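Enquirer: my questions are about this predicted structure, shown below with the sequence.
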Amino acid sequence: IVSLYGKKKKPAPEDLQGLDVLVFDLQDAGVRFYTYVSTLLQCLDAAAEAGIELMVLDRPNPLGGGRIEGPLPDRETVPESFVNLAPGPLVHGLTTGEMARLVNASRPKPAKLTVVEMKGWARAMTWTDTGRKWVLPSPNLRDAEAAIAYPGVALLSATNVSEGRGTDTPFLL
């Protein structure tokens, strides 16, 4: 088992040795700075480098596919980091599979990518509209309401103002 949480952000070649396929199955939050999308991009590159397939199990964008807002990454003033690897606006409106396809198509050496499509999701649907049970993608995104507030409230993380982490209602206070 290889963890990509903590210091290690990308599978190493030896982690993928002997594999035919790397499966990516994480629920993204629909925001560029949510690091699961960065993990996806690192896995995409690692799979391409290893010559193996990356299979993405697509998941709904909890904010819906129609919510696209915020600035584009400014690579001249903000250096690339793990919280800004994804292209596009702050709220990108893409599912995990769509993001993988978009980025893979722009890579000099694309990965062999398979996206396992969802059934029953439409772009206008937020998480609540899906009827699915919310499963915490991380300890502080505790419900769909917090996910809706997250793109704006999480920006407070870069200040000395609390966004509610450590309370019973993070991103809602």
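Expert: Okay, I see it.
Enquirer: how about the strands in this structure?
Expert: With DSSP state E, the ranges of strands along the chain come out as 21-24, 53-57, 112-116.
Enquirer: let me have the ones you listed in a markdown table, adding mean pLDDT as columns.
Expert: A markdown table is the format used below for the strands of the chain (pLDDT from 0 to 100):
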| stretch | mean pLDDT |
| --- | --- |
| strand 21-24 | 97 |
| strand 53-57 | 98 |
| strand 112-116 | 98 |
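Enquirer: export these to TSV and tack on distance to Trp127?
Expert: Heads up, the C-betas are built off the backbone N, CA and C, glycines and all. Converted to TSV, these look like this (distance: least, C-beta to C-beta, whole Å):
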stretch	distance to Trp127
strand 21-24	19
strand 53-57	17
strand 112-116	19
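Enquirer: could you say which one of the ones you listed comes nearest to Glu163?
Expert: Evaluated with C-beta to C-beta, the strands of the chain place strand 21-24 nearest to Glu163, the distance being 27.4 Å.
Enquirer: who touches that closest one?
Expert: Outside of strand 21-24, the residues within contact range by C-beta atoms under 8 Å, 6 or more residues apart in numbering are 11, 16, 39-40, 43, 46-47, 52-57, 96, 100, 114.
Enquirer: thinking again about what came up before, what's the most buried one of the strands of the chain?
Expert: With neighbours defined as mean count of other C-beta atoms under 10 Å, those peak in mean count at strand 53-57, which reaches a mean of 20.
Enquirer: and the pLDDT at the most centrally placed residue in the chain?
Expert: Central residue of the chain (C-alpha atoms, centre = their mean): Val37, 2.6 Å from the mean position. pLDDT recorded at Val37 is 95.
Enquirer: distance of it from Glu80?
Expert: 14 Å (C-beta to C-beta, to the nearest Å).
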